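Q: here's a sequence, model it:
(chains A and B)
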Amino acid sequence: MPEAELERRFDPRIVAFFCNWCTYTAADLAGISRMEYPPGVRIVRLMCSGRVDPQFVLAAFRHGADGVLIGGCHPGDCHYQEGNYKARRRFELLRMLLRDMGIEGERLRLEWISASEGDKVARVCNEMTEQIRALGPLRLRAAPPRAGRPSAREAAGEGAGEPVVEEPVGEAAR
Amino acid sequence: MRADGDGSATQEQPPDGVPKIGVYVCHCGLNIAGKVDVERVVEFAATLPGVTVARDYTFMCSDPGQGLIERDIREGLVNRVVVASCSPLMHEVTFRRATAAGGISPFYFQMASIREHVSWVTDDSEDATAKAKALVAGAVRRVAANELLDRREVPVHPDVLVVGGGIAGIHAALTLAGAGKRVYLVEREPSIGGHMAQFDKTFPTLDCAACILTPKMVQVGQHPSIELLTYSEVEEVSGYVGNFTVKVRRKPRYIDADLCNGCGLCVETCSWRGVPSEFDEGLGTRPVVYMSFPQAVPRLPVIDRAGTSPCTFNCPAGIKAHGYVSLVRGGRYEEAFNLVRQATPLVGSLGYACYAPCEDACSRGRLEGALPIRRLKRFVADTLYGVGPAPAPTPAEPTGKRVAVIGSGPAGLTAAWQLAVRGHQVTIFEAAPEPGGMLRVAIPAYRLPTPIVDADIESVTALGVEIVTSTRVEDLEELRRLGYDAILVATGTHRSVRLGVEGEELPGVLTALDFLRSVKLGEPVDLRGKVVAVVGGGNVAIDAARSALRLAATGVHLVSLEARQEMPAYSWEVDEAVAEGVLLHNSWGVLRFDGEGSVRRVELKRCTAVFDAQGRFNPQYDESVVQDLDCGAVIAAVGMTADAGGFAPPLLTGRAGTIEADPETLQTPLAHVFVAGDVVTGPSTIAQAAGQGRRAAFMIDRYLAGRELDAAEFARVLPAVDAAEVLARPRSPGRREPLAPASRVVAAPSDFAPTEPPLGEEEARSSAERCLDCGVCSECGQCVAVCPTHAVDLQMPEREVELQVGTIIVATGYKPFDAARIPEYGYGRYPNVYTSLEVERLANASGPTQGEIVMRDGRRPGSVGIIHCVGSRDARFNAYCSRVCCMYSLKLAHLIKERSGAEVYNFYIDMRTPGKGYEEFYTRILKEGMHLIRGRVAEVTDWAAVPEEEGKLVVQVEDTLVGAVRRIPLDMVVLAVGLEPQSDAESVRRTFNISCGTEGFFTERHPKLAPVSTFTDGVFLAGACQGPKDIPDSVAQAGAAAAEALVLVDRGAVELEPSTAFIDPAACSGCRTCVGLCPFNAITFDAERGVATVNEVLCKGCGTCVAACPSGAAQQHLFTDAQILAEIEGVLARA
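A: Down below sits the predicted model:
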């Protein structure tokens, strides 16, 4: 199959953590307004962007997401006063960490989208999908389970091991 | 419904063991099924682990749809429920209820949004089906991890807060109060009524707005259950549904609501009636103390104060400078005189000889020049003194207290006056033969004539103050023995500083004080034909030099240590002296005086620096550079010191002989002895000394009353108004030519006649009219004086009140579009272009023209054009339709035609009349013979293309029905401005934690099904703050908001989402990361157990702490890590 066609057939999967008050509502508005965006975007509702645990992002990548989008209220608009600021702090650190792990910064995105910005939801989803499509699929392989005491999350029934970037293995479709 | 209160963190399995998950996929008619292959989703769902039932149905939210869920649970097929349908924001509550109705916990439910997030946003059916499957998989995995939770109920406080007193707020408040609820109605303006009160008639019935509104306003004012807080703003809202704490800032009205009887005398007497009237849209003016409109509720005036005017703020004597300027402007000279005298009796002395810091501060100074504020005071004094003795005020009831004042200079006289006015019996002891201190003996008559000083002193003696002259007091104990309850030492600085150089004792070397005293008292001083050397660079040296000129000295040389620009004298005084012929010798110091029998020569040495690096006086000389100055007399004006030796001990003296005292209270270590004036501060000005006297009197009065001395109380004034802010006010002050500065220079001075000519009445009043009224209120005090109930209190502080309410209705209204933003329509440029709200006022019988439609030039318009959609349906400004403009334009068209007979043109894009009776109204207006032209107006211009357009406003428009560009010449153009969010909508929405759309109107919870709710439970919306709407719609919405509030109030309790955080003490390491993260202080650290705990009542359920917990001990109900991780895995599963 020609390379270009393969490229086109890659539909990135993006997990979108949206806060209940602003961005999730905006996503509903995008729907009500029939604004189209790629089907690879899967929205998970949280009460606040401040609830986004870095583990969620890692778990999303581990389970096959090509990108993670976090959506919260604009600065100063947080329903809980300052959860979005906390989200931003974690986001910056997490992105650095991901880069160290070999995951491109573009795969994690934070956007402030208010309840009335349905169009922005669609725009951001389209943009991000295009960007990730250009980067290509994320390739991870599971690391061997660590020795010693399992982490709380492992105890909670989560998959073992941290994601590790796979060596590129050519252009084979997944 | 589960009602057994298991522990909130229950992790146990449902009663009947393993999860049995029922999946219900909704078609939503074709909304979902038109895109998503529902059957395939059901098939897929059936294969998922734990799923026992998978069904689809046309409308899951319908009764039969919900019945499916209930039945399956009852039959034991299902103990967990997933519904794949619309957004949980839409129907989560519905399906939780259905789940509970089946007999299990409502929280064993999870929703997948396959409409808003799938079918409506996905183009390809295959893609949509795949995504729907993924979301169902996510929900199925997640619901398996759901826990049993308690339901949380909190009580609802029965009181309601309504914010905004327009028609919406009024209606909501009355509805709630009618239901027996207690309502707080907060309004920012002085009166309730909002925009509706400004309207003349209302469409389509043409009934008068005031006639239908004011009865409701009165009802609000009188309703026992409504507490009206006008002129107040909500500052802060905390708490949650049912339990809000609201801080309200109550701006001071300066009129005590409890005392005011609404008589309006204050309004009548106000000295400035030129404030643009907000209520009349600036077409008329109002006084500073005003009621917005005749039917205002509450019937309580307000004093409009922007702060303290800079002139008043900068007066060291505490004179209300702006106040007397305002009174002079109104020709009220006696009132002006009395106002100055409220601070000090030295009206004339200050009018003649003050250095006028007020004028330096005058905002007009930034334009074409400051007002001659001091000369206005002199004008007042001249006027009053010219007609006889000044009127004496009536002192307060005698207090029986006696005060001795030592010294009768500006400080002593002012203090004596102030004390006498307060009813104390005052005796002044003066060492000199005549009272007045420096006013009498030091300030030359060309600056301050002695009769003026006498007249000022008469004010004091007229109050019964006894002045004992030629009596030097040095024994304070003696005065005590004589029965004085308090003593004020105000002896000034009458001792001259010596130069300390050789020859200073030679005859012919005088001190400036001796010289000026002799001259002022008319003692012979012979300088005729002599060359005079004046030593010193201060104001006293200048006074001495100019006095010497007037005594026919042949040459007056002024020797100053300082360079010209460093001289401590006011530079304009130096200029005047030079202009009169004084010769300056700057940067010279005196080496010695020389002469036999009398002084003949001054030897000077070069002064290289006067001040050291720290800015202290420390002259340095270069004695190799010298100069001789031949002279016949020397006047040394090198400083004055206090002469307080006689009082020390017991009083302490400080630097330069001044007496030490608390600088704020002016009290000495002897509690009954106070000091004031130069004897404390060192040499200063008349105004400063008078200010000291006033302060001392205030403190002595408090001391005599046995009250605490409180300097803060004395200095309680509003902050000064910033001149830049004044000049930026909307009605920008035009240039008004000031008086040419009066020359105070006499070409060949030969006598001591005043150098400055007096102001004539015409000049005085036209000068006063240049006042910019920086502080708006001038504090002229007329309202205070006239109020029969003593309700006016210019010291009233701002207050903050705290309210407890359970629910809040936000009804903050709109703001009309600013027509000046469309320059091509010429608003603000062409006087005959009006906004619709301005025309409402013109048409109104209580408006600025008593209901006559006349233009700014007084003409009645023969033709009027109304331009629709100004600022609405215009992508440059607001894309939305403002909904009311078509109808009100038709109404205005009718009113204009009816009142003026003018031809009226409506320029519209589309005529939108979709309301009950609206289309009929449109038809009626058409029949009245209006011109309707369909097309957006391109521009309004005064440029005439043909003679008929001369002197007219020409509206250029493409008539889209005719298909031609037309030019319509008109007399008057009305811009039908749209409705915009209030300019502070952004901060209001943050205060109430509600959201707004991109255009800025507040967002309702659901555009159709929850039109008055917000995303914050317990906060509701009413009226135009939610979007443009007319009066009927606003009222309807207000009723709806009131009903929604009543639901909560009458139920008495609300159920809260159980999504609070909790901490598993077994896993908590006690790191306290979470404690600092919580913005609601809901997490505390239990030091004994070494773990953090969450207060569930305070927790709002954001989950920020959970995300941060390094050990996973913090979790959030409904959003545990396990639940979310399960959902992530599910939505990413490949179906």
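
Q: quick check: closest non-adjacent residue to the one residue sitting closest to the centre of chain B.
A: Using CA atoms, centre = their mean, the residue of chain B that lies closest to the mean C-alpha position is B:Ala306, 6.7 Å off. Excluding its sequence neighbours, the residue lying closest to B:Ala306 (CB to CB, 6 or more residues apart in numbering or on different chains) is B:Val776, at 4.7 Å. C-beta: built from backbone N, CA, C; applies to glycine.

Q: name the residues of stretch B:1084-1091 that are buried.
A: Residues of stretch B:1084-1091 classed as buried by neighbour count (16 or more other CB atoms under 10 Å in any protein chain shown): B:1085, B:1091.

Q: same check, this time on stretch A:47-60
A: Buried, per 16+ other CB under 10 Å, within stretch A:47-60: A:47-60.

Q: picking up where we left off before, contacts only, for the residue nearest to the centre of chain B.
A: B:721, B:725, B:774-777 (CB atoms under 8 Å, 6 or more residues apart in numbering or on different chains).

Q: all strands of chain A, in order?
A: A:14-19, A:41-46, A:67-72, A:108-112, A:140-142, A:163-165 (DSSP state E).

Q: chain B is nearest to which of the ones you listed?
A: When the strands of chain A are compared by CB to the nearest CB, strand A:41-46 sits nearest chain B, at 3.9 Å.

Q: and the closest one with chain B, contact?
A: Yes. Under the criterion of CB under 8 Å from any CB of the partner chain, strand A:41-46 makes contact with chain B via A:42-46.

Q: by contact count, what packs against the helix or strand in which B:Glu236 is found?
A: Secondary structure from DSSP states H and E places B:Glu236 in strand B:232-240. Packing partners of strand B:232-240 (3 or more CB pairs under 8 Å, 6 or more residues apart in numbering or on different chains; DSSP states H and E): strand B:183-186, strand B:243-250, helix B:985-992.

Q: what sits up against that strand?
A: Residues contacting strand B:232-240 (CB under 8 Å, 6+ apart): B:154, B:161, B:163, B:186-188, B:244-251, B:800, B:808, B:988, B:991-993, B:1017-1018, B:1056, B:1100.

Q: now the residues you listed: which count as buried?
A: Buried members of the contacts of strand B:232-240, scored by 16+ other CB under 10 Å, are B:161, B:163, B:186-188, B:244, B:246, B:248-251, B:808, B:988, B:991-993, B:1017-1018, B:1056, B:1100.

Q: can I get the strands of chain A in TSV including mean pLDDT?
A: Below are the strands of chain A laid out as TSV (pLDDT from 0 to 100):
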stretch	mean pLDDT
strand A:14-19	96
strand A:41-46	96
strand A:67-72	96
strand A:108-112	96
strand A:140-142	66
strand A:163-165	53
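
Q: just the element for B:Lys35, please.
A: Counting by DSSP H and E, B:Lys35 is part of no helix or strand.

Q: pull up the gap between B:Gly331 and chain A, please.
A: Note on B:Gly331: its distance to chain A, by CB to the nearest CB, to the nearest Å, is 53 Å.

Q: so that residue makes contact with B:Ser766?
A: No. Contact criterion CB atoms under 8 Å: B:Gly331 and B:Ser766 do not qualify, at 11.9 Å.

Q: let me know the pLDDT of the residue nearest to the centre of chain B.
A: On pLDDT, B:Ala306 comes in at 94.

Q: shaky segments in chain A?
A: A:1-8, A:141-174 (pLDDT under 70).

Q: tell me the domain ranges of it?
A: A:11-140, A:142-174 (automatic domain parsing).

Q: those domains: which one's closest to B:Cys1074?
A: Closest of those to B:Cys1074 is domain A:11-140, at 11.1 Å (criterion: CB to CB).

Q: near chain A too, which of the buried ones among the contacts of strand B:232-240?
A: Within those, those near chain A by CB under 8 Å from any CB are B:993, B:1100.

Q: count of residues packed around B:Arg702?
A: 16 (other CB atoms under 10 Å in any protein chain shown).

Q: tell me the SS of it?
A: Following DSSP: H, G, I helix; E, B strand; the rest coil, B:Arg702 is assigned to helix.

Q: OK, contacts around the nearest residue to it once chain neighbours are set aside?
A: Closest residue in space to B:Arg702, ignoring its immediate chain neighbours: B:Leu709 at 5.6 Å, by CB to CB, 6+ apart. Contact partners of B:Leu709, counting by CB under 8 Å, 6+ apart, are B:665, B:667, B:699, B:702-703.

Q: switch the cut-off to 6 Å
A: B:665, B:699, B:702 (CB atoms under 6 Å, 6 or more residues apart in numbering or on different chains).

Q: same check, this time on B:Val1035
A: If a contact means CB under 6 Å, 6+ apart, then B:Val1035 has B:His171 as its contacts.

Q: buried residues in the host helix or strand of it?
A: B:Val1035 belongs to helix B:1031-1051 when assigned by DSSP H and E. By neighbour count on 16+ other CB under 10 Å, the buried set for helix B:1031-1051 is B:1031, B:1033-1042, B:1044-1046, B:1048-1049.

Q: hang on, the earlier thing: kindly reformat the helices and strands packed on strand B:232-240 as TSV containing distance to A:Met35 and mean pLDDT.
A: Listed next are these as TSV, based on distance: least, CB to CB, whole Å; pLDDT from 0 to 100:
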stretch	distance to A:Met35	mean pLDDT
strand B:183-186	39	98
strand B:243-250	36	96
helix B:985-992	24	91
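
Q: distance to B:Ala945 added to the ones you listed, as a markdown table?
A: Shown next, in a markdown table, are these (distance: least, CB to CB, whole Å):
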| stretch | distance to B:Ala945 |
| --- | --- |
| strand B:183-186 | 54 |
| strand B:243-250 | 55 |
| helix B:985-992 | 43 |
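
Q: tell me the spatial nearest neighbour of B:Asp1064, not counting adjacent residues.
A: Using CB to CB, 6+ apart, the closest residue to B:Asp1064 is B:Ala1113 (4.7 Å).

Q: pretty sure that neighbour contacts B:Cys1068?
A: Yes. Look at B:Ala1113 against B:Cys1068 with CB atoms under 6 Å: they come within range, at 4.0 Å.

Q: specify the beta-bridge partners of the most centrally placed residue in chain A.
A: In chain A, the residue lying closest to the centroid (CA atoms, centre = their mean) is A:Val68, at 0.7 Å. Per DSSP bridges, the residues bridged to A:Val68 are A:Val15, A:Leu108.

Q: which helix or strand contains the residue nearest to B:Arg702?
A: Under DSSP H and E, no helix or strand contains B:Leu709.
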